[in-house]
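J.: sequence-free structure coming up:
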């Protein structure tokens, strides 16, 4: 089963202008990058890199996957590349911290609804592998098969990660009486 | 809201729909993919010859914006080595001979109102901002806590950042000292403690400042050089130290080299690491070499920051993963969570010691993280050294 991909977007992807591609998928790419990196700046940089790669490499898009899934795959690889580079080339402190005394303070985001805010706080606090599948499901509306292809893991693994992620969110919500 | 696999996986969806629907697609009130970002991407495409449809390899796809370029690690860890000559003399010739006491904390609480473009930091629960022009790369803005105050370095202006191998700073790196709690990190309200040379051994060779790390009364920093148009030698450079007591007192001082890393130093092999012991003011360097049998041989050295003296440790060093409470910032809110950190256990003259690992430099740390988080094994040969 495929997600609700716009059929015309796939059919006409090679002839889409860059702006059309960004207007259609920019938000998806940016949000996925943000939830992988937890960084607005990196999400910006990764989005730029993704659309540059996509624009240059659109000829490599064969249409087997939805265009969005293809872009999200590039997003994931780019985000991992950023992270890998930071691991091996710089003296990167371990963990999620960006460095002792070097963590940027909170970005100023307007999140109005406290209930929604709290749910996303809980999601953001999940381990990477659980956060990722939940975001792909809630936000990107991908099917299990698409997530499986994107993440390079078995569909059963996707389901179990998704179930575990939901359990964790539900448990946290119960504990807070949300 | 429905999800892509509602029908195929109803069992795991039970009870999930309510909060799924309420969570919505995004926690943000405004889309992060802004029109400005779109324009930036279009500008980057234009600068790369958008009319050409020829696919460029990943390697050749240099990131256009400086922030991305630096994130890729090109400049993060100073590459190359000092040119021949009197390094200390070069540095001391540029030493700022200011005098007077260290900047004193302001009596009144600071208003936290960072202007647009500021780099922001949170150190020991206090917020700081470094006002910067919009063309600066904030990922290269550093601020660390030391006993003398907050030592910080703003990213210098850069030129030719669209040209790989030719990107260079046009002003030298400078270190400043600002009292703890003084939220604005600006030169106007700080004490300048050191200005590094812009050039290092030639008109085409530049000094490069890497990572700052506070260690009590000392500032540790990595540095190196790069030459325009030349390939950089990865993971080479030097670790040096500045005595902040002297700097804060206005005394003339120069950075002192603590450790040089040349291309033969296997800084990125296996689970090499650097641990900075702030209490003992020591640096533990651990690196590995291949033993020719598919394994690794451990090498370790303990450096005394104050004296620069080193001693080789003979015993085996073990590492241990631990967790501690931490705060993760997300949007305007802060999440209480746990973070992983690693410690190293070693023995010195019969004394068992434990020190937190400050910098994981070996590739294996990354491979382990990927495996733990994503269940994916990465072959070491798949990544460049």
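T.: Ah, there it is. Computed from a predicted model, the values in this text were never measured in an experiment.
J.: And the lowest mean pLDDT element among the helices and strands of chain A?
T.: helix A:7-11 (a mean of 36; mean pLDDT, DSSP states H and E).
J.: immediately after that helix, which helix or strand?
T.: helix A:18-37 (DSSP states H and E).
J.: how about the helix or strand that comes right after that next one against chain B, any contact?
T.: Counting by DSSP H and E, the next helix or strand C-terminal to helix A:18-37 is helix A:40-57. Yes. Helix A:40-57 reaches chain B (Cβ under 8 Å from any Cβ of the partner chain) through A:40-45, A:47-49, A:51-53, A:55-57. (Each C-beta comes from the backbone N, C-alpha and C, glycine too.)
J.: Report the rounded mean pLDDT for the next helix or strand along the chain from helix A:40-57.
T.: Note on helix A:40-57: by DSSP H and E, the next helix or strand toward the C-terminus is helix A:67-89. Confidence over helix A:67-89 (mean pLDDT, whole number) is 76.
J.: packing partners for the helix or strand following helix A:67-89?
T.: Where DSSP H and E defines the elements, the next helix or strand beyond helix A:67-89 is helix A:114-124. When contacts are defined as 3 or more Cβ pairs under 8 Å, 6 or more residues apart in numbering or on different chains; DSSP states H and E, helix A:114-124 sits against helix A:128-138, helix A:155-175, helix B:17-23, strand B:318-330, strand B:333-348.
J.: May I have the distance across stretch B:134-153, first residue to last?
T.: 16 Å (Cα to Cα, to the nearest Å).
J.: for that stretch, which positions count as buried?
T.: Residues B:136-146, B:148-153 are the ones in stretch B:134-153 that count as buried (16 or more other Cβ atoms under 10 Å in any protein chain shown).
J.: Among these, name the ones in strands.
T.: Among those, the ones falling in strands (DSSP state E) are B:142-146, B:149-153.
J.: contacts with chain A among the residues you listed, please.
T.: B:142-145, B:150.
J.: biggest separation within these, which pair?
T.: B:142 and B:145 (11.5 Å; Cβ to Cβ).
J.: so where's chain B shaky on pLDDT?
T.: Residue ranges of chain B with pLDDT under 70: B:1-17, B:24-30, B:46-111, B:160-164, B:234-235, B:327-337, B:373-374, B:378-385.
J.: if you set the cut-off to 50 instead, what comes out?
T.: B:1-15, B:48-109, B:382-385 (pLDDT under 50).
J.: Where do the helices of it begin and end?
T.: B:10-13, B:17-23, B:35-47, B:66-71, B:87-93, B:244-248, B:363-374 (DSSP state H).
J.: correct me, but residue A:21 touches residue A:55?
T.: Yes. Between residue A:21 and residue A:55 there is a contact under Cβ atoms under 8 Å: 7.4 Å.
J.: gap between the two ends of stretch B:347-357?
T.: 15 Å.
J.: again, but for stretch B:288-295
T.: Counting by Cα to Cα, the terminal residues of stretch B:288-295 are separated by 9 Å.
J.: And that stretch, what's buried?
T.: Result for stretch B:288-295 [16+ other Cβ under 10 Å]: buried residues residue B:288.
J.: Mind listing residues that contact that stretch?
T.: B:266, B:269-272, B:296-299, B:362 (Cβ atoms under 8 Å, 6 or more residues apart in numbering or on different chains).
J.: which one of those sits closest to residue A:71?
T.: Checking the contacts of stretch B:288-295 one by one against residue A:71 (Cβ to Cβ), the nearest turns out to be residue B:362, at 32.8 Å.
J.: Excluding sequence neighbours, find me the nearest residue to that closest one.
T.: residue B:272 (3.8 Å; Cβ to Cβ, 6 or more residues apart in numbering or on different chains).
J.: For residue B:284, see how far away that neighbour is.
T.: Taking Cβ to Cβ, to the nearest Å as the measure, residue B:272 falls 11 Å from residue B:284.
J.: What distance do you get for residue B:173 to residue B:203?
T.: 18 Å.
J.: which one of the two has more residues nearby?
T.: residue B:173 (23 against 8; other Cβ atoms under 10 Å in any protein chain shown).
J.: State the phi and psi torsions of residue A:148.
T.: phi -60, psi -40 (degrees, to the nearest 10).
J.: Quick one: residues contacting the nearest residue to it once chain neighbours are set aside.
T.: Spatial nearest neighbour of residue A:148, excluding adjacent residues (Cβ to Cβ, 6+ apart): residue A:155 at 4.4 Å. Residues near residue A:155 by Cβ under 8 Å, 6+ apart: A:144-145, A:148.
J.: Compare these and tell me which is most surrounded.
T.: residue A:144 (24 neighbours).
J.: Just want the phi and psi numbers for that one.
T.: phi -60, psi -40.
J.: Quick check: residue A:123 touching residue A:136?
T.: No. Using Cβ under 8 Å, residue A:123 makes no contact with residue A:136, being 11.8 Å away.
J.: Next, the closest residue in space to residue B:126 that isn't next to it in sequence: phi, psi?
T.: In space, residue B:126 comes closest to residue B:181 once its chain neighbours are excluded; the distance is 5.9 Å by Cβ to Cβ, 6+ apart. Residue B:181 adopts backbone torsions of phi 90, psi -10, taken as degrees, to the nearest 10.
J.: Kindly report the same for residue A:140.
T.: The phi/psi pair for residue A:140 (degrees, to the nearest 10) is phi -100, psi -10.
J.: Am I right that residue B:206 is in contact with residue B:196?
T.: No. Under the contact definition of Cβ under 8 Å, residue B:206 does not touch residue B:196, with a separation of 9.9 Å.
J.: higher neighbour count, the two?
T.: Of the pair residue B:206 and residue B:196, residue B:206 is the one with more neighbours under other Cβ under 10 Å, namely 25 against 22.
J.: Now do the residue lying closest to that one once chain neighbours are set aside against chain A, distance only.
T.: The shortest distance from residue B:206 to any non-neighbouring residue, by Cβ to Cβ, 6+ apart, is to residue B:168 (5.3 Å). Distance, residue B:168 to chain A, using Cβ to the nearest Cβ, to the nearest Å: 18 Å.
J.: What residues does residue B:168 make contact with?
T.: Contacts of residue B:168 (Cβ under 8 Å, 6+ apart): B:158-160, B:206, B:226, B:228.
J.: Just the buried residues of these.
T.: Judged by 16+ other Cβ under 10 Å, buried ones among the contacts of residue B:168: B:158, B:206, B:226.
J.: From the residues you listed, pick the one nearest chain A.
T.: residue B:226 (13.5 Å; Cβ to the nearest Cβ).
J.: Wait, that closest one touches residue B:232, no?
T.: Yes. The pair residue B:226 / residue B:232 is scored as a contact, 5.7 Å apart, by Cβ under 8 Å.
J.: before we move on, the earlier item: mind listing what the residue nearest to residue B:362 touches?
T.: So residue B:272 contacts B:266, B:286-288, B:361-362 (Cβ under 8 Å, 6+ apart).
J.: ditto for residue B:342
T.: If you count contacts by Cβ under 8 Å, 6+ apart, then residue B:342 has A:94, B:273, B:319-322, B:356-357, B:360 around it.
J.: neighbours of the residue lying closest to it once chain neighbours are set aside, just the number please.
T.: What sits nearest to residue B:342 in space, not counting adjacent residues and going by Cβ to Cβ, 6+ apart, is residue B:357, at 4.4 Å. Residue B:357 has 23 neighbours, counted by other Cβ under 10 Å.
J.: give me every residue that touches residue B:357.
T.: Applying Cβ under 8 Å, 6+ apart, the residues near residue B:357 are A:94, B:273-275, B:319, B:341-344.
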